[in-house]
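Undergrad: curious how this folds, go ahead:
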Amino acid sequence: MANITAKDVASLRAKTGIGMMECKKALVEAEGDMDKALKILRERGLAVAAKKESRIAADGVVAILKNGTTTAMIEVNSETDFVAKNETFRAFVNTLLEVIVASKPANIDELLAADCGGVTVDAKLKEMIFTIGEKISIRRFVIKEGITSTYVHGNGVAGVIVRFETDADTTSDAFAKLSKNIALQIAAGSPPTYVSREDVPAAVLEEEKNIQVAALKNDPKNAGKPDNILEKIVLGRMGKFYEAACLLDQSYILDDDLSVGKYIAAASKEMGASVKVVDFVLYEKGEGIEKREDNFAEEIAKLTSK
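TA: Okay, here's the model as predicted:
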């Protein structure tokens, strides 16, 4: 039997971040061979990852990395907020962003197949699941090229990338302030769906108008009103729809006397430049993921009944 020293165990732990007992078991099984022990731990990581696949990971973090004209944003989910704050988990998320910026994968499958320090991202992900002991999933990412502004809210609760077209000096304080305020608007205000009215698909507008017409006709107060009056009321309500759905129509959060569009126009005029919001992407952590709800009273009843 190989002589496994505390130094060997500590060295394997430093390389993997896995607990001392698991490292010792792997070294004993590998008869002291460090490379074999690493392989064993990775294989166990695969098994652990498979066991955790059915769990719900609705927590986690949204993070952003900007390098030159390339900006990447990612959402990586964990089961608990505790893990989301873990330094090892955060470092892994940052590594993923570096891989995305460097290799520019087209989708999650390409990202999982990308190189990550000599192993694939998929293998590294499974190692992380084994190390941390929770399900971790790479949910989504996006890459934007060009002039962008970014904002991460609440240490990773939400993230925004806004892309601009402009002839302004993008290194100026004035542009930095404008672009940051637009990103803040999207993250901290009521999230818009479109940049401008022109971006709203005709089918969406038609559906919204039909909903408003139906609502008016079902209201007894409108009984007997001619169609042309109802149409005017609908047009007024569509204005409210635009104010909620379109970024440029929204009330500017730092000055509600202005719309976002008017704020951009005023700031652009001061800079003597043209500034246009091309598009934006907003990620909200865990959005749309059904969270598990534990019934503790039921669990206690089960335990006490045994």
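Undergrad: check contacts around Ala10.
TA: Met20 (CB atoms under 8 Å, 6 or more residues apart in numbering). The C-beta positions use only the backbone N, C-alpha and C, and glycine is treated the same way.
Undergrad: domains for this structure, by residue range?
TA: By the assignment in automatic domain parsing, the chain contains the domains 6-52, 56-145.
Undergrad: closest one to Gly286 among those domains?
TA: Gly286 lies closest, by CB to CB, to one member of the domains of the chain: domain 56-145, at 4.3 Å.
Undergrad: pLDDT (mean, whole number) over that closest one?
TA: In this model, domain 56-145 has a mean pLDDT of 92.
Undergrad: strands along the chain, start to end?
TA: 61-67, 70-78, 115-116, 119-120, 136-145, 147-153, 158-166, 275-284 (DSSP state E).
Undergrad: if we can go back for a sec, tell me which of the domains of the chain lies nearest to Ala183.
TA: Among the domains of the chain, the nearest to Ala183 by CB to CB is domain 56-145 (10.0 Å).
Undergrad: in JSON lines: the domains of the chain, plus distance to Lys209.
TA: Output for those, formatted as JSON lines (distance: least, CB to CB, whole Å):
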{"stretch": "domain 6-52", "distance to Lys209": "47"}
{"stretch": "domain 56-145", "distance to Lys209": "32"}
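Undergrad: between these, which one is nearest to Glu207?
TA: domain 56-145 (26.3 Å).
Undergrad: starting at the chain centroid, how far to that closest one?
TA: Taking CA atoms, centre = their mean, to the nearest Å, the mean C-alpha location of domain 56-145 is offset from the chain mean by 11 Å.
Undergrad: buried stuff in stretch 180-188?
TA: Under the neighbour-count criterion of 16 or more other CB atoms under 10 Å, stretch 180-188 has Asn181, Ile182, Ala183, Leu184, Gln185, Ile186, Ala187 buried.
Undergrad: mind listing the helices for the stretch 1-150 of the chain?
TA: 6-16, 20-29, 34-52, 81-84, 87-103, 108-113, 121-132 (DSSP state H, counting those that start in this stretch).
Undergrad: check which helices and strands the fifth one sits against.
TA: Spelled out, it's helix 87-103. Contacting helix 87-103 under the criterion 3 or more CB pairs under 8 Å, 6 or more residues apart in numbering; DSSP states H and E are the following elements: strand 61-67, strand 70-78, helix 108-113, strand 115-116, helix 121-132, strand 136-145.
Undergrad: the ones you listed into JSON lines, with extra columns for distance to Glu206 and mean neighbour count?
TA: Listed next are the helices and strands packed on helix 87-103 as JSON lines, based on distance: least, CB to CB, whole Å; neighbours: other CB atoms under 10 Å:
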{"stretch": "strand 61-67", "distance to Glu206": "34", "mean neighbour count": "20"}
{"stretch": "strand 70-78", "distance to Glu206": "32", "mean neighbour count": "23"}
{"stretch": "helix 108-113", "distance to Glu206": "34", "mean neighbour count": "15"}
{"stretch": "strand 115-116", "distance to Glu206": "47", "mean neighbour count": "16"}
{"stretch": "helix 121-132", "distance to Glu206": "43", "mean neighbour count": "22"}
{"stretch": "strand 136-145", "distance to Glu206": "29", "mean neighbour count": "18"}
